[in-house]
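*Asks:* my questions concern the predicted model and sequence given below.
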Amino acid sequence: MAKMRAVDAIVAILEKEGATETFGLPGAAINPLYSAMKAHGGIRHTLARHVEGASHMADGYSRAADGNIGVCLGTSGPAGTDMVTGLYASWADSVPILCITGQAPLAKLHKEDFQAVDIESIAAPVTKMSMTVKEPGQVPGAFQKAFGLMRSGRPGPVLLDLPFDVQLAEIEFDIDLYEPLEAARPKATRKQAEKALDLLFAGRHPLIVAGGGIINAGASDKLVELAELLSIPVIPTLMAWGAIPDNHPLMAGMVGIQTSHRYGNASFLASDAVIGIGNRWANRHTGGLDTYRKGRTFIHVDIDPTQIGRVFAPDLGIASDAGAALEMLLEVARERKAAGTAPDYTDWAAECTARKGSMQRKTHFENVPLKPQRVYEEMNTAFGEDTTYVSTIGLSQIAGAQMLHVFGPRRWINAGQAGPLGWTVPAALGVVRGKPGQTVVALSGDYDFQFMIEELAVGAQFKLPYIHVVVNNSYLGLIRQSQRGFDMDYEVSLAFENTNSTDSSATAAGYGVDHIKVAEGLGCKAIRVERPDQFPAAFAKAKEMMEEFQVPVIVEAILERVTNISMGSELDNMTEFEGLAESSADAPTAILALQG
């Protein structure tokens, strides 16, 4: 076999595994790998401004399309620790990314060498595998195992740490003899599918809860087929939003104590049998378990056996890949449908649809400063069904999930479980890499936007165009709202008089950071909106500038300082802070026009 440097073998492996999109920062300890990438020429690299940003870019890229695995690169020490937040975000949402760090030479690992740190141990809790490769001959096998693990079972991130001399060592390697490992995924049996349908069909008001595992499995079409075959409504979790399009008659709305629809919660509370597929029963979805579980039979299908029973014990648990489970459920359901032994749920489905046309929140406000609800209404009007939204955390995300519309899988890309502030800008850049030529729209509050705002320069440098809607109330809005229970408003205001932004309008004055100037200084374009009637022209102009300049375009909406967004502690105990829609004019972009 041919002799080559370990790093040259790594680059050949990345190409064969289909992981050719990398994000990172070069440095002394990782320069050997960069030299191999330069020599190879087939690995694209996007230079981040912060190593945490690189990890979020890789995360966004992986989430953008089926089969993607983003790669983030950094030197030793602080670069590795910076990427831990990105590893946690991808770990929490079952997203595969490969993190490669450079390390001090083997002989100096225990000598407190400059920027040497035990990143293997630090990253272990938030990865499927964390390994410092100490033998050059192990390099191909370590990468082969890493890719196999990322694709097997519940997907997730891997970190491989490479000492400097290991990277440069010569090894025997032939890429033609290297083969990716076959991904291991459990599959539901026919007997399990039969029992699941027995339990589901015993109910008069069944629901399917669709989780992110369906997105990971690329099985959204199978989900919709099963729902249509049986006329059973579907409740997507936040991670599965878009698995069934919002305008599908069987999309019953999202459920939860924050990112939910009024009609979704009401239909869930009327249900009596629930099958969850590829979901985790996350607490933002369930609220209090006594209310969530009362009077219902539960079937839980998940690729990870240890997820079954983690939150509560279901009546039936099935360890299976979501796609494989849906295939088997479809096979059995078709037979029962043909035999006339499947119940008719069309009346129940119509009941859920009726709620969708009657239980709506008001979005059409004329207030100045703006109410956030109007921002999402205008986004629904401005952006088409092919739009991919990217968001992470805060009242902006919660309100967006209540009022925006998503029409396909991987068109709502969201750091659901970890919710790290600052994720949105770099993740959106990764999504643009993963969806070239497609419409990408990010959504942030002002605090999330400021956390990693420097990454906008990456979008300008590498021509990664997208629109970033920033709803600015100069507040840590979600934290302020949660402080209401403590009767305080403490250390959550971002407002100050910015002496360098005297040209700002009276409305924007006192809101602190001038996002327009910062964005423009980073090479991007930006527009400020202060009145509802400015939105159509602003979004049209943003699209024009994005096309002309091929850079991120920020549309900043100046909100009223204090807005409380609907949420509660239980599915039957939600607080609606604003008036509800009383006519179709109150919610003009709702999926169904308000009835009656």
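*Replies:* Cool, the structure landed.
*Asks:* going by C-alpha atoms from here, please, whenever you check contacts or count neighbours.
*Replies:* Noted.
*Asks:* which intervals of the chain have sub-threshold pLDDT?
*Replies:* 1, 111, 114-115, 477, 502-508, 596 (pLDDT under 70).
*Asks:* now do the same contact list for the residue nearest to the spatial centre of the chain.
*Replies:* Geometric centre of the chain, nearest residue: residue 414, 2.4 Å, by Cα atoms, centre = their mean. Going by Cα atoms under 8 Å, 6 or more residues apart in numbering, residue 414 touches 238-239, 390-392.
*Asks:* filter those residues down to the buried ones, PyMOL style.
*Replies:* Here is the PyMOL command that selects the buried residues among those (16 or more other Cα atoms under 10 Å):
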select buried, resi 238+239+390+391+392
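*Asks:* kindly reformat the contacts of residue 414 as CSV containing distance to residue 143.
*Replies:* Shown next, in CSV, are the contacts of residue 414 (distance: Cα to Cα, whole Å):
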residue, distance to residue 143
238, 32
239, 28
390, 30
391, 31
392, 30
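*Asks:* looking at the contacts of residue 414, which are in strands?
*Replies:* With strands taken from DSSP state E, the overlap with the contacts of residue 414 comprises 390-391.
*Asks:* could you list the buried residues of the helix ranked longest in the chain?
*Replies:* Determined from DSSP state H, the single longest helix within the chain is helix 322-339. Residues of helix 322-339 classed as buried by neighbour count (16+ other Cα under 10 Å): 322-330, 332-334, 336.
*Asks:* between those, which sits nearest residue 219?
*Replies:* Taking Cα to Cα as the measure, residue 219 sits nearest to residue 323 out of the buried residues of helix 322-339, at 5.0 Å.
*Asks:* that closest one reaches residue 217, doesn't it?
*Replies:* Yes. Using Cα atoms under 8 Å, residue 323 is in contact with residue 217, at 5.5 Å.
*Asks:* ok, how many other residues are close to residue 131?
*Replies:* Neighbourhood size, residue 131 [other Cα atoms under 10 Å]: 18.
*Asks:* any idea what it is bridged to?
*Replies:* residue 160 (DSSP bridges).
*Asks:* contact partners for it?
*Replies:* Applying Cα under 8 Å, 6+ apart, we find residue 131 in contact with 120, 159-161.
*Asks:* compare those residues and tell me which is most surrounded.
*Replies:* Within the contacts of residue 131, neighbour counts (other Cα under 10 Å) peak at residue 159, which reaches 30 neighbours.
*Asks:* you'd agree that one is up against residue 129?
*Replies:* Yes. Applying Cα under 8 Å as the test, residue 159 and residue 129 come out as touching, 6.3 Å apart.
*Asks:* picking up where we left off before, ok, the buried residues of helix 322-339 vs residue 511, which is closest?
*Replies:* Comparing the buried residues of helix 322-339 against residue 511 with Cα to Cα places residue 322 closest, at 46.3 Å.
*Asks:* still on that earlier bit, tell me how far the residue nearest to the centre of the chain lies from residue 490.
*Replies:* To residue 490, residue 414 is 28 Å away according to Cα to Cα, to the nearest Å.
*Asks:* swap in residue 269?
*Replies:* Residue 269 sits 36 Å away from residue 490, taking Cα to Cα as the criterion.
*Asks:* the two: who's more crowded?
*Replies:* For residue 269 versus residue 490, neighbours defined as other Cα under 10 Å are more numerous around residue 269 (18 against 10).
*Asks:* mind listing what that one touches?
*Replies:* 292, 571-572.
*Asks:* got those as a markdown table, with neighbour count columns?
*Replies:* Output for these, formatted as a markdown table (neighbours: other Cα atoms under 10 Å):
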| residue | neighbour count |
| --- | --- |
| 292 | 19 |
| 571 | 25 |
| 572 | 17 |
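*Asks:* would you list the phi and psi of residue 5?
*Replies:* Backbone geometry at residue 5, expressed as degrees, to the nearest 10, gives phi -70, psi 150.
*Asks:* let me see the contact set for it.
*Replies:* By Cα under 8 Å, 6+ apart, residue 5 lies in contact with 167-171.
*Asks:* how near is it to residue 21?
*Replies:* From residue 5 to residue 21 the distance is 21 Å (Cα to Cα).
*Asks:* what do you get for residue 101?
*Replies:* Note on residue 101: its distance to residue 21, by Cα to Cα, is 16 Å.
*Asks:* how about residue 69?
*Replies:* Going from residue 69 to residue 21 by Cα to Cα gives 8 Å.
*Asks:* more neighbours: the two, which one.
*Replies:* Ranked by neighbour count (other Cα under 10 Å), residue 69 and residue 21 place residue 69 first, with 30 against 23.
*Asks:* was I right to think the more buried one contacts residue 61?
*Replies:* Yes. Using Cα under 8 Å, residue 69 is in contact with residue 61, at 7.2 Å.
*Asks:* mind listing the helices in the stretch 251-400 of the chain by residue range?
*Replies:* 262-269, 283-286, 289-293, 322-339, 346-356, 372-382, 395-403 (DSSP state H, counting those that start in this stretch).
*Asks:* next: the stretch 401-550 of the chain.
*Replies:* With DSSP H, counting those that start in this stretch as the criterion, the stretch 401-550 of the chain has helices spanning 424-434, 446-451, 456-461, 477-482, 515-521, 535-549.
*Asks:* list the buried residues for the second one?
*Replies:* Within helix 446-451, the residues that qualify as buried by neighbour count (16+ other Cα under 10 Å) are 446-450.
*Asks:* and the residues you listed, which is closest to residue 276?
*Replies:* Distance to residue 276 across those (Cα to Cα) is lowest for residue 448, with 31.4 Å.
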